[in-house]
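Engineer: 3D model of this:
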Amino acid sequence: MATATKSTLSLPGTLHLYPTKEGSNPVFESADLSSSKVLIFLPGLFDGLGSVPYLTFLNYELEKMGWSLAQPHLSTAYKAFGRGSLQQDADEIEACVNFFKTARGKTEIVLMGHSTGCQQIMRYLTSEPARSKVDKVILQAPVSDREALASYPSFPPTFASLAAELYAAGQRDELVPGGKEAFAVDVTVYRAWSLACEGGDDDYFSLVSPLPLDQTFGKLPLSTPALFLFSSEDEHTPSASTTQPALLKAWEEAVPKELKFRGATVEGSHALKPEEGEERAKGWEKLGEEVGGWLRS
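Structural biologist: Below is the predicted model:
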């Protein structure tokens, strides 16, 4: 088992440019660059290249298995999510998938999402018409933004209702008042509604009144096996120990019966961040086992 330490935080690799509707975006490829197999990693809100704590560890695990790791830079990375959408993300992810199929000759492509990267994968897989096929998906730390935001003492209690009111009034592209106080960045009415309101486009993983499961999990393609990895101490999931099993049960009942679908739990926080003074988190070993087993299955 490779160990990511302070001396291995740099990742050798290649920075590519993949074409998008607006021009081109960078994507960093590392691990086994000669491999025909690539795992495309999609991080969460406020994240970007290399910002998820376990990525260096994951890189070396993939290298041992003969895979490359790709980290695309989406237009909504870091603090730019407030003016974006899952639709925009899915378009750019598809462009990245197509780049690796054609320009890089990859024959096996897996998407792995962390946090909002999980919503991006759900949007990608359930889009109509169907997008470019990927072989498998891994969703690590899927959480409901709506339920998480409502649980934060600092989140303005009337913000969601204001966003819903302005969205219903057709002001989707305007900046929502108070958005910077709620999210620490400027946010459009549309993205505020999508993240914070019942029925918003990001609302895949709520326990209470999510987007209709028959239109989300029920539409997952049979050709794309899906692994969901919860974080046992996820600080963004209220009552995680009871919420996560209930979510998994609901999703298992909603997915097509023929779909290869599995859920598991990895010990640790939302992003599996190491404790202060530690070089690796206790859950990384299990994460490596789950990811490696899924890729080999």
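Engineer: domains of this protein?
Structural biologist: Using automatic domain parsing, the domain parsing of the chain gives 12-144+206-296, 145-203.
Engineer: let's have the ones you listed in JSON lines, adding mean neighbour count.
Structural biologist: From N, CA and C alone the C-beta is placed, and that goes for glycine too. Output for the domains of the chain, formatted as JSON lines (neighbours: other CB atoms under 10 Å):
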{"stretch": "domain 12-144+206-296", "mean neighbour count": "19"}
{"stretch": "domain 145-203", "mean neighbour count": "18"}
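Engineer: could you export those domains to JSON lines, including columns for mean pLDDT?
Structural biologist: Compiled in JSON lines, these are given as follows (pLDDT from 0 to 100):
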{"stretch": "domain 12-144+206-296", "mean pLDDT": "97"}
{"stretch": "domain 145-203", "mean pLDDT": "97"}
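Engineer: show me where the stretch 101-250 of the chain has strands.
Structural biologist: Per DSSP state E, counting those that start in this stretch, the stretch 101-250 of the chain carries strands over the ranges 108-114, 136-140, 226-231.
Engineer: export these as CSV, with columns for distance to residue 168.
Structural biologist: Converted to CSV, the strands of the stretch 101-250 of the chain look like this (distance: least, CB to CB, whole Å):
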stretch, distance to residue 168
strand 108-114, 30
strand 136-140, 30
strand 226-231, 32
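Engineer: can you report phi and psi for residue 68?
Structural biologist: Per-residue torsions, residue 68: phi -100, psi 160 (degrees, to the nearest 10).
Engineer: contact partners for it?
Structural biologist: Contact analysis of residue 68 by CB atoms under 8 Å, 6 or more residues apart in numbering lists 29, 30, 31, 32, 33, 35, 37, 38, 39, 62, 106.
Engineer: in strands, which of these fall?
Structural biologist: Among these, DSSP state E puts 29, 30, 31, 37, 38, 39 in strands.
Engineer: I figured the first one was touching residue 12, is that so?
Structural biologist: No. Checked against CB atoms under 8 Å, the pair residue 29 and residue 12 is beyond contact range at 10.5 Å.
Engineer: returning to what we had before: out of the contacts of residue 68, who's nearest residue 169?
Structural biologist: residue 39 (42.2 Å; CB to CB).
Engineer: now that closest one, nearest residue through space, not along the chain?
Structural biologist: residue 110 (4.8 Å; CB to CB, 6 or more residues apart in numbering).
Engineer: what's across from the one you found in the sheet?
Structural biologist: residue 39, residue 136 (DSSP bridges).
Engineer: list the contacts for it?
Structural biologist: Contacts of residue 110 (CB under 8 Å, 6+ apart): 37, 38, 39, 40, 134, 135, 136, 137, 138, 295.
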